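**Student:** my questions are about this predicted structure, shown below with the sequence.
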Amino acid sequence: MTDLIAQCFLDGVLLTLCGLGLLGRQRGKRDLLLPLVYTALCLVIRMCFCRNLAPAVFVLLPADHLLAVLYLLVPALPLNSSWYRTRERTVFWGTLAQFALFLLLREACLLPLAALGLSDGPVVLYGVRLLSPLLWAAFAGWGLLRWLREQLAEEDTAVQAVSAATLAALLLLWQFQVQQNQPWLAGAILLSLVILLDGGLLLWEQRRIREQQHTRLLEQYLPMVEELVESVRARQHAYRNQMMAVSAAVSTADSLEAARSAVSALAGEAVLDETDRQLLRCDSKLISGMLYGKIRQAGLRHIRVEASLNGGFLRRSLPESSWVEILGVLLDNALEASQPDDVVYLRTEDQDGALRLTVSNPCPPKSNAELAEMFRRGYSTKADHGRGYGLYNVRQIVERAGGKLVVRNEEIGGASCLTIGVILS
Amino acid sequence: MTRLILLELRKLAKPVLTVLGLLTAVTCVLCCTLFRDYALCYALDKWEIGTEFLPLLFPLIVTVPVCWQLYYERRDRFLVYTLPRISKGGYLAAKWTACAVSAFVLLFVPYVLSGLTALYLAPYAELHPEWVRPYFHIFLTWYTKYPLMYLFVLSLWKGLLGVLTMTFGFVLALFSSNLFVVLTAPFVYALLDNFLWSALRIPNCFLAAFEPYKFGSSLTVQHWLWGPIQLTLVICLTVLYYTRLRRRSIYPL
């Protein structure tokens, strides 16, 4: 009986972890009760609805036939629905994904052990159950679960289909293993196929989403680039006229002094704005369009943005869309914290093969604790709900890409400034 | 009223007809194939073998395609918008009638058609009534001599039990705020009821009423009727719980 309870508890813990990973943490410390609820469910299914009592049958699932899986799955739907309090479709597909992930983790832990000749006994019974949460932690560490959770929350059809197909494939494999007394080689081949197919589909989906996002950003920011180019063309036209005036001034001047003063008077008006020059040097049209929009937005609030772009954004570890997100958050925060007539500094430079991007805005010096706190989820200086996710998202993006965050108090042009930025290779 | 019922039936037509088609096809195919591994005594054995999975799943079959719509009508406040046109009781009665007809058809048609398939279309199989002695079966004379009558009466009974099960989901859809509770509660109820009565070794459960032949000679009329009576009591208690204790309203304002 102790063994049965211990095994069901470990099953319950893994089911909870899969649920939390794919549907999100909802109730803080009360989430700790969820493994107990799932443990009870697994116990009831194993004791009341399973005919086979050999523990080896339950290594993969707390059920011994397909109907018992249904008995497990059906109560899990209202349980997840009342616990996670999210949309019904998300709960439905999330629950399917939860069971698919559960089976995938278990299979991935069982097959190497079976290949080593271990197919029964406490090593397998507990080894598989203890290894699978570790594999879950690895998945969570890679950010796979977070990505899946986001896609499930956005009701992404491809991820939903992959979850359902994976569950169906793994259930067939499990049924086959239970009936054939766990042939590990056939199982390993089938599992590898399932993982390869899933991986391929998810990568394709990720790529599709990225391209979609890129197109959306292009549609949003390309008109701004066109506006920037248009304004430069207009200035070029004026510049040509001014050059003609300079030429005329030189040829009609009586003396060298007179020509010099005429030329210097005319040349002063023919200088291209430094910010525009910097934006034209930027290697990404998307980012220069976005920066042009932000700079104009700042101009309406009488805030000056000084840009110094000395490093390229393309061919880095982040796609353009992520750079746009980072720049958007940093500039929006800096502009929100600035007063009219303030200057916001935007700098990029190459640093040992990586790009260092910083945004500085006037701000009284902050303590180290305050600087660290800014990247916490939900931290905001404003009282409104639903804020405080910008810098948290920047931190997530930077951590995922293996970059570094820059945050410090600085003095620029005699004014105390807060500098926030990233270093990404 | 008839037009309203027809309108409600039309609203349910797509999911109900889809499930009905699938279920009929599956049961007919199973009645023609599954019996090959069994020794058969009478012609209707093919039907009982082919439809063996239905008693376990029927609470889902009669609830899921039917009750979700009422839940969404209540959640999206469609019910409130019907108030200026029709009385609360009138609308709910029409709705229940449409749901009841759907639930009945969802069980009756697949059972009857699969039974007819088993009797007239399934591949030939030798029958050996002498192999099992004494042979017990509920309504034995009908089962052996008038299989069509047996098929029709039992399908009718199962259809009525389907309506009762659907009513449980219907009541939950009127009060509950969780779709999955509405759709799965009848299934979970049937499971728990089956488990509890089996633990007490009394064939009183709802499943015994649905599949009376499974319980052999130990089944009496009281046992047979207890399941539906108990479910009716549960439905009444659910209504009382939501209206008196939780003070929930069907028409949220």
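**Tutor:** The structure has been received and is ready for your questions. None of the values given here were measured: they were computed from a predicted structure.
**Student:** A:Leu77 touches A:Leu96, doesn't it?
**Tutor:** No: using C-beta atoms under 8 Å, A:Leu77 is not in contact with A:Leu96; the gap is 9.5 Å. Any C-beta I mention is one placed from the backbone N, CA and C, and that applies to glycine too.
**Student:** what about B:Tyr81, neighbour count?
**Tutor:** If you count neighbours by other C-beta atoms under 10 Å in any protein chain shown, B:Tyr81 ends up with 10.
**Student:** tell me the secondary structure at it.
**Tutor:** helix (DSSP: H, G, I helix; E, B strand; the rest coil).
**Student:** so it versus B:Arg74, what's the distance?
**Tutor:** Going from B:Tyr81 to B:Arg74 by C-beta to C-beta, to the nearest Å gives 11 Å.
**Student:** same check on B:Phe58?
**Tutor:** 24 Å.
**Student:** over to B:Lys95?
**Tutor:** B:Lys95 sits 10 Å away from B:Arg74, going by C-beta to C-beta.
**Student:** just A:Gly289 next, same as before
**Tutor:** Remark: distance between A:Gly289 and B:Arg74 (C-beta to C-beta) = 48 Å.
**Student:** looking at those two now, which is surrounded by more residues?
**Tutor:** A:Gly289 (25 against 21).
**Student:** does the more buried one touch A:Pro223 like I think?
**Tutor:** Yes: counting by C-beta under 8 Å, A:Gly289 touches A:Pro223, with 7.5 Å between them.
**Student:** low-scoring stretches of the chain, by residue?
**Tutor:** Since no chain was named, I'll use chain A. Along chain A, the parts satisfying pLDDT under 70 run over A:25-27, A:119, A:181-185, A:267-273, A:378, A:380-388.
**Student:** ah, I was thinking of chain B
**Tutor:** B:132-133, B:203-204, B:214-219, B:253.
**Student:** residues from it in reach of chain A?
**Tutor:** Residues of chain B lying near chain A by C-beta under 8 Å from any C-beta of the partner chain: B:56-57, B:60, B:178-181, B:183-185, B:187-188, B:191, B:195.
**Student:** restricted to strands, list those.
**Tutor:** Among the residues of chain B next to chain A, no member falls in strands (criterion: DSSP state E).
**Student:** show me how to select, in ChimeraX, the buried members of those.
**Tutor:** In ChimeraX, this line selects whichever of those come out buried by 16 or more other C-beta atoms under 10 Å in any protein chain shown:
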select /B:56,60,178,179,180,181,183,184,185,187,191,195
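**Student:** what's the farthest-apart pair in the residues of chain B next to chain A?
**Tutor:** B:Leu179 and B:Phe195 (24.8 Å; C-beta to C-beta).
**Student:** and the helices in the chain?
**Tutor:** All of this is about chain A. Secondary structure of chain A by DSSP state H: the helices cover A:2-23, A:34-48, A:66-84, A:88-115, A:122-142, A:144-153, A:157-179, A:184-252, A:256-267, A:274-281, A:285-300, A:320-337, A:368-373, A:390-400.
**Student:** wait, chain B
**Tutor:** Here chain B has its helices, by DSSP H, at B:2-33, B:45-50, B:54-75, B:78-82, B:88-116, B:140-145, B:147-175, B:179-199, B:206-210, B:221-240.
**Student:** for the nearest residue to B:Trp131 once chain neighbours are set aside, give its distance to A:Pro122.
**Tutor:** Here the nearest residue to B:Trp131 in space, its sequence neighbours aside, is B:Ala39; by C-beta to C-beta, 6 or more residues apart in numbering or on different chains that works out to 6.0 Å. As defined by C-beta to C-beta, B:Ala39 lies at a distance of 42 Å from A:Pro122.
**Student:** tell me which of these two has more neighbours.
**Tutor:** Counted by other C-beta under 10 Å, B:Ala39 and A:Pro122 do not tie: B:Ala39 has more neighbours, with 12 against 9.
**Student:** which residue, other than its chain neighbours, is closest to the residue of the stretch 1-150 of chain B found nearest chain A?
**Tutor:** Going by C-beta to the nearest C-beta, chain A is nearest to B:Leu56 of the stretch 1-150 of chain B, at 6.1 Å. Distances taken as C-beta to C-beta, 6+ apart put A:Leu67 closest to B:Leu56, at 6.1 Å, once the chain neighbours are dropped.
**Student:** around residue 117, count how many other residues there are.
**Tutor:** Picked chain A for this. Counted with other C-beta under 10 Å, A:Gly117 comes out at 7.
**Student:** looking at chain B here, not the other one
**Tutor:** For B:Thr117, the neighbour count with other C-beta under 10 Å is 20.
**Student:** what of A:Leu266?
**Tutor:** 19.
**Student:** residues contacting A:Leu280?
**Tutor:** Taking C-beta atoms under 8 Å, 6 or more residues apart in numbering or on different chains, we find A:Leu280 in contact with A:Leu228, A:Val232, A:Ser288.
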